[in-house]
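Visitor: can't give you the sequence, but here's the structure:
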């Protein structure tokens with residue numbers, strides 16, 4: 001079987017990963033652009049520091065930001081926080097620590 005054929009599961013998984021990453025980066029870009037626009041509109045006509053210090057100007061960014069973080073976790077998976085690599089490193093660390101304590 002050709003490694004680039006449509007039936008190749010590795011190729012399909014790689015294409016899905018690229019689509020997921022592209023979707024996340026697009027979401028992040030739209031988030032930044034739209035929230036900068038909203039902030040600019042909300043503080044228009046006010047002194048800059050006064051407009052930037054009003055918490056109500058950040059509600060959209062905050063709640064939409066929760067969605068962006070959720071999207072990031074779905075794309076980058078459990079390896080983003082406490083993933084398999086973390087578990088393996090932590091197990092080695094604890095084993096080394098216990099080994100040192102036995103020798104002391």
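Guide: Happy to help now that I have it. In this text, all values refer to a predicted model and were calculated from it rather than measured experimentally.
Visitor: alpha carbons only for contacts and neighbour counts from here, please
Guide: OK.
Visitor: Now do the helix or strand hosting residue 90: distance to the chain's middle.
Guide: According to DSSP states H and E, residue 90 maps onto helix 84-103. Relative to the centre of its chain, helix 84-103 is centred 28 Å away, using C-alpha atoms, centre = their mean, to the nearest Å.
Visitor: the helices in this protein, which residues?
Guide: For the chain, the helices defined by DSSP state H occupy 9-43, 48-52, 59-76, 84-103.
Visitor: pLDDT weak spots in this protein?
Guide: By pLDDT under 70, the low-scoring segments of the chain are 1-6, 48, 51, 78-84, 104.
Visitor: Mind checking which residue lies nearest the centre of it?
Guide: Taking C-alpha atoms, centre = their mean, the centroid of the chain lies closest to residue 72, which sits 3.2 Å from it.
Visitor: Identify the residues contacting that residue.
Guide: residue 24 (C-alpha atoms under 8 Å, 6 or more residues apart in numbering).
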